[in-house]
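Participant: I would like the atomic coordinates for the input below:
(one chain, ligands or ions: 1)
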Amino acid sequence: MILEQTGKICDRLYVAGHNVMPAFLLATDRPVIFDAGVAAIGPRYLKDIGTYLGSGRSPEYLLITHSHYDHCGAVSFLKEKIPGLRIGANAHVAKVMRKPNAVELIRALNRNFAEVFRDVIGDEDIPFNPVEIDLLLKEGDELDCGGGWKVRVIETPGHTRDSMSYYIPKIKAAIVGEAAGVFHNESINPQFSSSYIDYIASLEKLASLDIDILALGHRHILTGGDTVGYLKGSIEATVAFKRHIEDCLDRFGGDREKTVQTILDESYDRNIVMQQDLQSFLLNLRAQIKVVAEGK
Ligand SMILES: [Zn+2]
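Facilitator: As a prediction, the model looks like this:
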């Protein structure tokens, strides 16, 4: 089954905020938020999380899948509003939070998103600010969430070098950010912005897990048999997209900008509500073409 709404996914697991830019909530004794979406949706995440948890309960952890603006955008807002919230992420995310240029880019992309989608999300001005990462997570780490619930950390680099997935054994759920691509209009868009080699290895690692619920970074949650088919399809789509970039680069004598323009014209649809904005689409596309051109 493919789910696209906010609300309950299964026992204890919820989608908060907006399905396109979701934060997930594991409502265990020690509740966990996964990802913090974009800054502008911060108040909606907070409201939904409060509703799902009920009064007197508060999230203990916020785990970030990677350092892109649309996955850590509301982290400072949530940290400020939820006393004692501990932020967990890859050590590289902590470095990104200390780099003025990276922080400025995350801030600018969040501001841009808020302006482009003002009609959908409202016009409250929520800034992005860097935060300290309290828990530096790595492969195999496990968080005890109470009552026999655990979250296991799985390093899945390739989309970014700091991409992490989080696996919840009790419900066989994996929260993967963009490590498994983006599912959109019945097709899978690969997202190997830092390394094709790592991205394929990460997909194979995810495909080897026993997954009943696959929570993608945007729009969709797959359940049951659809998860296996999706991950297999994601590997195939990734191989095909790399080949397409190679063909374009060949055709244009290695000209990366002509390759960017060709793929942009083929694949960017300006008419979809809450489609990734053009600036970040281009950032990702240029990164993927660079990865292929340089054999990373
Ligand atoms: Zn991303």
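
Participant: Run through the helices of the stretch 1-150 of the chain in chain order.
Facilitator: Counting by DSSP state H, counting those that start in this stretch, the stretch 1-150 of the chain has helices at residues 42-53, 69-72, 75-81, 91-96, 100-116, 118-121.

Participant: right, so of those, which gets closest to residue 188?
Facilitator: Closest to residue 188 of the helices of the stretch 1-150 of the chain is helix 69-72 (CB to CB; 18.1 Å). Just so you know, the C-beta spots here come from the backbone N, C-alpha and C atoms, and that holds for glycine as well.

Participant: what does this protein have sitting close to the ion?
Facilitator: Contact residues, the chain versus the ion (CB under 5 Å from the ion): 68, 178.

Participant: what about 6 Å?
Facilitator: Residues of the chain lying close to the ion (CB under 6 Å from the ion) are 66, 68, 71, 159, 178.

Participant: of all of this structure, which residue lies closest to the ion?
Facilitator: residue 68 (3.4 Å; CB to the ion).

Participant: Let me know which of the helices of the stretch 1-150 of the chain is tucked in deepest.
Facilitator: Comparing the helices of the stretch 1-150 of the chain by mean neighbour count (mean count of other CB atoms under 10 Å), helix 69-72 ranks first with a mean of 26.

Participant: could you say what helices and strands that one packs with?
Facilitator: Contacts defined by 3 or more CB pairs under 8 Å, 6 or more residues apart in numbering; DSSP states H and E place helix 69-72 against helix 100-116.

Participant: which residues sit against the helix it packs on?
Facilitator: Applying CB atoms under 8 Å, 6 or more residues apart in numbering, the contact partners of helix 100-116 are 38-40, 67-70, 72-73, 96-97, 121, 123, 125-130, 277, 279-280.

Participant: Could you rerun that using 6 Å?
Facilitator: Identification of contacts with helix 100-116 by CB atoms under 6 Å, 6 or more residues apart in numbering yields 38-40, 69, 73, 96, 128, 130, 277, 279-280.

Participant: ChimeraX command to pick out the buried ones of those?
Facilitator: Of the contacts of helix 100-116, the buried ones go into a single ChimeraX selection, burial set by 16 or more other CB atoms under 10 Å:
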select :38,39,40,69,73,96,128,130,277,280
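
Participant: Which ones among the contacts of helix 100-116 lie within strands?
Facilitator: In strands, judged by DSSP state E, none of the contacts of helix 100-116 are found.

Participant: so which two of the contacts of helix 100-116 are the farthest from each other?
Facilitator: Using CB to CB, the two most remote members of the contacts of helix 100-116 are 130 and 277, lying 21.6 Å apart.

Participant: For residue 155, grab the count of nearby residues.
Facilitator: Look at residue 155: counted by other CB atoms under 10 Å, it has 19 neighbours.

Participant: Now do the spatially closest residue to it that is not a sequence neighbour against residue 265, distance only.
Facilitator: Closest residue to residue 155 apart from its sequence neighbours, by CB to CB, 6 or more residues apart in numbering: residue 139 at 4.4 Å. As judged by CB to CB, to the nearest Å, residue 139 and residue 265 stand 39 Å apart.
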